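**Q** Need coordinates for the following:
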Amino acid sequence: MTEPTIYYRRNLPHIHPEGHPFFITFNLVDSIPREVAAELEAQRKRELQTVKNPNERYQIQKKYFARYDDWLDRCQDGHRWLESENIAQTVADEIHKEDARLYRLLAYCIMPNHVHLLIESLLQELPHHKGKSAISPIADTMRLLKGRTARYCNLALNRPGAFWHHESYDHYVRDEDELARIIAYILNNPVKAGLAQEWKDWKFTYVNPELGEW
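**A** Residues are numbered from 1 along each chain as shown. From the prediction side, this is the model:
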């Protein structure tokens, strides 16, 4: 079986095979201290240097993401702009707006300082998508989504400057079992973070009704 192409943006690897859903996490610009992010990245690189087996590398990437997400859930650093209902609603509206145009929306959760998003990309090699990211439709989609939400949220907050952290953490879903685990992870993120007792109590959590009862 041919291995999927790995795209590198900034420091992180991004694997974008066709026909797979994508689990994407993006966070506010100052939600993790720089020294913490740098140390987590250094730990990940050290572990990956000694491993060549794809499955072992995948497990390392998962562990790295789990540590990063744990920091986000603590909400100890930076702003919590997404805690404001109007700001979270702006992000939710833009996520839904691109459903059926750029992607099929499967699930999302908007937390106080980050967003988990699960989509199936519908963006192929469209004529108006040129340049370096044309081979990576998820990159195009996230650039559009993050750019538009940042603009609208900054207007609502009456502030200039960066809104989102420059990097997004994406992971392609390998099979149906993993898809179910990721949906459960997204839905239960507010429960795990101590923000709700049941996932349905959190206003800005969504799962596509076509995926059945959760």
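
**Q** tell me the contacts of the closest residue in space to residue 30 that isn't next to it in sequence?
**A** Nearest-residue entry for residue 30: residue 78, 3.5 Å, with adjacent residues in sequence omitted and distances by Cβ to Cβ, 6 or more residues apart in numbering. (C-beta placed from N, C-alpha, C; glycine too.) Neighbour list for residue 78: 28, 29, 30, 31, 32, 113 [criterion: Cβ atoms under 8 Å, 6 or more residues apart in numbering].

**Q** so what's the residue nearest the centre of the chain up against?
**A** Most central residue of the chain, judged by C-alpha distance to the mean C-alpha position with Cα atoms, centre = their mean, is residue 25 at 1.8 Å. Contact partners of residue 25, counting by Cβ under 8 Å, 6+ apart, are 65, 68, 69, 72, 114, 115, 116, 117, 168, 169, 170.

**Q** Same check on residue 71?
**A** Residue 71 is in contact with 31, 32, 36, 40, 77, counting by Cβ under 8 Å, 6+ apart.

**Q** and if we set it to 6 Å?
**A** Contact criterion Cβ atoms under 6 Å, 6 or more residues apart in numbering gives residue 32 as the residues in contact with residue 71.

**Q** on that earlier part again, any chance of the contacts of residue 25 in TSV, with distance to residue 82 too?
**A** Shown next, in TSV, are the contacts of residue 25 (distance: Cβ to Cβ, whole Å):
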residue	distance to residue 82
65	19
68	17
69	15
72	11
114	8
115	7
116	12
117	13
168	15
169	16
170	19
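
**Q** Among those residues, name the ones in strands.
**A** Secondary structure of those is defined by DSSP state E; positions in strands are 114, 115, 116, 117, 169, 170.

**Q** Of these, which is the most crowded?
**A** Comparing the ones in strands among the contacts of residue 25 on neighbour count, residue 115 comes out first with 27 neighbours (neighbours: other Cβ atoms under 10 Å).
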